[in-house]
Every structure is written in C-alpha cells, then in structure tokens.
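Asker: with the sequence up front, the predicted model follows.
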Amino acid sequence: MQHDADLELFRDNFRRFMKEHIAPHYEQWERDGIMPRHVWNLLGENGFLCVDVPEEYGGYGVPTYYSLMLVEESARAGYSSLSTGISCHSEIAAPYILNIGSEEQKQYWLPKMVSGEVVGAIGMTEPGAGSDLQSMRTNAILQDDSYILNGSKTFISNGQHADLVVLAAKTDPQARAKGVSLLLLDTHLDGFKKGTNLDKIGLHSQDTSEMFFDNIKVPQNQLLGQPGQGFAYLMQELPRERTAIAATALGAIRGSIDVTTAYVQERQAFGQPIAQFQNTRFVLAQAKIDELATAAFYERNVELYQQGQLDVATAAALKSFSTDMQMKVADNLLQLFGGYGYMSEYPISRFFVDARIQRIYGGTNEIMKEIVARSLLGK
C-alpha cells in the first residue's frame, strides 16, 4: 500500500485532532455511555468523515485507505468506540449510497454525511435474526408512492445519534432472500422510535440501540437501488465493512503493543524492569509478529478493494483472522500487567473488553469460516 506524504500529513492532523478534542473527554464519555452529538460536527468540520467520497458530493475524493486510516488510528489511540462509530458512518453507510444510490439520493445525503450534519447507521440485525438475515421480519409494503414500514432492529451502532439508517427490510414478505430491499430511512419521520442506549461490556461510549418502526411512510424515492436486490447489495458492500473491522483490529493490536511496551519498561519486579524477563520479551515479540502478519493481510485486502477485486471470501478470511488476533494479543498483553491489567484505569483493560465484539458483529467469525469453506467446497 502506498504510504505517501499526503497520507502521513493527514494522519498527523487526525492525531492532533484526537489529542485536542477526544483525549480530554473520552474517559467521561465512556462513563456516560455515549459520546455527545457535537463530536460528529467536529469530525465533519475538520474533514474526517467520508473522505473518499468524490468532491462533487463534498468529500476529498481520496483513495479509500485514507478513510480506513482514520478507523485504524482512532482504535490505536484506545478510542475503539470512536473507531466503530466512524467506521459505521464512513465505511459502511456512505458507500451504500455512493455505490447504489440515485444521483438525487447522493446529492441529498452525502454532503450532509461529510459535514457531520447527518450521522449514518446500518440497520440489518433484528432481535430474532442476527447473522441469519433471511429470517428478518421488518417489512416495507408499497402503498401509492410510499413504503409503509413496520418492525424493529437491534444492536444498531450509532443508533442514538443516527439521522439516516440504511435499512434492510422485506418488501415482498412472501419471498425469502429475494424479498429483501434496502431503504434510506430518515429517522425524523413520524413513527420512528429509538429504544434505550444499550448497556454493553465494552465500547461503552459507542451508542448502540434498538429501533422501532410503526407505520412509517418512507417515500418511494428513498428505495436504495432496485427492489428485491437487498441481498445482492449486501454481498457487494460487506467486503468494505469487514475490511474496516480489520482496520479497527489492526489499530487496536498496535495500540495494545504501544501501551504494553511503555509499561513493561517502567514496571519493576525482583529488582529489575519486567521488560528484562524472557517471558515478557517473548510475549511482546509474538504480539509484534502477529501485528506484522495482520498488517500484511490487511494491506493486501485494501489494495484489492481499491482495484475492485476484493471478493467476499477473502474479506471474510481477513475479518476472522484479524479480530481473532486482536483478542489474542489483548489477552496476552493484559497478562503482563498483572492485577493492574484488570483495572479500568489502565488502557490495556479497555483494549481487552473492546476487542470482544469484533469477533461477533459484521458477521460472526463462525459465519466467516462458513463463507471461506463455501469458497473452497462450492456449497
């Protein structure tokens, strides 16, 4: 992957932004269980949202790896809640509109997403349908010039702040996969209700919600793409989402190594820094080796994505590998902190709890293995 001077300058700008606007407040946001809405406006004003969106829709039109760098760097800094929020907005919701949307939809939504005026989310998961999307029950029935939307979704990242949800719903309830369509749902429409902000074991300041739809009239012009093509569009867009999850994983692995390397050189045991014990050195070395392997796999995937050649199975393999590695590294490095690793005030503890969800959302790692198996066995 190119590491050009412009990218490094952009990275430095983002690190400065986080130091000024995120670092002083993040602990409090984690305690509050939510980030304030104005964080999105700050991100937009400073040019850190949807940066690969073309200039005619307000973005910079830069390569995708600029956008993914923001996901990685926020995770590396220990702000996985921010990383996940940016990822859902810029790496998941916006590309659906850019790649599938009508010109009118792009002109209306994308500049608002770039500026932070609109926060984007994706609505797939339901209380009774997680990875099994075919059994979704949310339905949108066309009447005159509107879809009448009923149902609910859960575990929706950015759910409290979302102004726009890229929503999967059955427009033909009789058909299974063929009955699913995507809608652009404006959350300010009558009949939309947000549930409470869900209480999670990690990613505390990442707002995650249930959503309820009660006879919402969604204008027909907010259908995304063609009716009944929802599954095809999901297959097309999920590789980007899974690559973004890997960007969070890689950033978190690097961040875990950063904080542990500093700690083991300061912490004394038996009259010497614990960095001098062979076990410490070997555990850290293994973490570095795991980081290098993850980075190589990740960068290859980003190159393939840029070339339009990243297939579903390769993205699934990366998602599974990188998030398993993230969890393993966080667990092994936390051990080097001893009892302090279990204390919330030590950043390694947050790397550990924030890692756990990565193996679940975006399709569980078990589903990722099934996708890879199908690519090998044909069914």
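Answerer: Received, thanks.

Asker: so for the helix ranked longest in the chain, what's the average pLDDT?
Answerer: Determined from DSSP state H, the single longest helix within the chain is helix 230-266. For helix 230-266, the mean per-residue pLDDT is 96.

Asker: please state the offset of it from the chain centre?
Answerer: Taking the mean of its C-alpha atoms, helix 230-266 sits 9 Å from the chain's own mean (Cα atoms, centre = their mean, to the nearest Å).

Asker: how about the strands in the stretch 251-379 of the chain?
Answerer: Counting by DSSP state E, counting those that start in this stretch, the stretch 251-379 of the chain has these strands, from start to end: 268-269, 272-273.

Asker: and if you look at the stretch 101-250 of the chain?
Answerer: 120-123, 139-143, 146-157, 164-170, 180-186, 192-197, 208-219, 223-224.

Asker: what about the helices in this protein?
Answerer: For the chain, helices defined by DSSP H occupy the ranges 5-17, 26-32, 38-45, 64-76, 80-86, 94-100, 103-115, 230-266, 278-306, 312-336, 347-355, 365-377.

Asker: any regions of this structure where pLDDT drops low?
Answerer: The model of the chain has pLDDT under 70 over residues 1-3, 130-131.

Asker: who's sitting farthest from the centroid in it?
Answerer: Distance from the centre of the chain peaks at G271, with 43.6 Å (Cα atoms, centre = their mean).

Asker: for G228, see how far away S322 is.
Answerer: 33 Å (Cβ to Cβ, to the nearest Å). Where C-beta positions appear, they are placed from N, C-alpha and C, glycine not excepted.

Asker: wouldn't Q105 be in contact with I97 here?
Answerer: Yes. At 5.9 Å, Q105 and I97 qualify as touching, with contact defined as Cβ atoms under 8 Å.

Asker: which residues are in contact with both of those two?
Answerer: Taking Cβ atoms under 8 Å, 6 or more residues apart in numbering as the contact rule, Q105 and I97 both touch 184, 224.

Asker: so between those two, which is more surrounded?
Answerer: I97 (24 against 19; other Cβ atoms under 10 Å).

Asker: that older thread, let's have the strands of the stretch 251-379 of the chain in JSON lines, adding mean neighbour count and distance to F282.
Answerer: What follows is the strands of the stretch 251-379 of the chain, written out as JSON lines (neighbours: other Cβ atoms under 10 Å; distance: least, Cβ to Cβ, whole Å):
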{"stretch": "strand 268-269", "mean neighbour count": "11", "distance to F282": "16"}
{"stretch": "strand 272-273", "mean neighbour count": "12", "distance to F282": "15"}
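
Asker: reformat these as TSV; add distance to D4.
Answerer: As requested, these are arranged in TSV below (distance: least, Cβ to Cβ, whole Å):
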stretch	distance to D4
strand 268-269	43
strand 272-273	38
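
Asker: of those, which approaches V118 most closely?
Answerer: Closest to V118 of those, according to Cβ to Cβ: strand 272-273, at 49.7 Å.

Asker: other SSEs contacting that closest one?
Answerer: With contacts defined as 3 or more Cβ pairs under 8 Å, 6 or more residues apart in numbering; DSSP states H and E, strand 272-273 has these neighbours: helix 230-266.

Asker: so the helix it packs on versus strand 180-186, what angle?
Answerer: On the basis of axes from the mean of the first three to the mean of the last three Cα atoms, to 10 degrees, helix 230-266 is oriented at 70 degrees to strand 180-186.

Asker: now helix 230-266: buried residues?
Answerer: For helix 230-266, burial by neighbour count (16 or more other Cβ atoms under 10 Å) applies to 230-231, 233-234, 236-257, 259-260, 263-264.

Asker: and the angle for that helix with helix 365-377?
Answerer: 120 degrees.

Asker: who touches stretch 338-347?
Answerer: 78, 255, 259, 263, 334-335, 337, 348-350, 352.

Asker: can you give me the end-to-end distance of it?
Answerer: 13 Å (Cα to Cα, to the nearest Å).

Asker: give the buried residues for that stretch.
Answerer: In stretch 338-347, counting by 16+ other Cβ under 10 Å, buried: 341, 346-347.

Asker: as JSON lines, those residues with distance to G363 would be great.
Answerer: JSON lines is the format used below for those (distance: Cβ to Cβ, whole Å):
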{"residue": "G341", "distance to G363": "30"}
{"residue": "Y346", "distance to G363": "31"}
{"residue": "P347", "distance to G363": "28"}
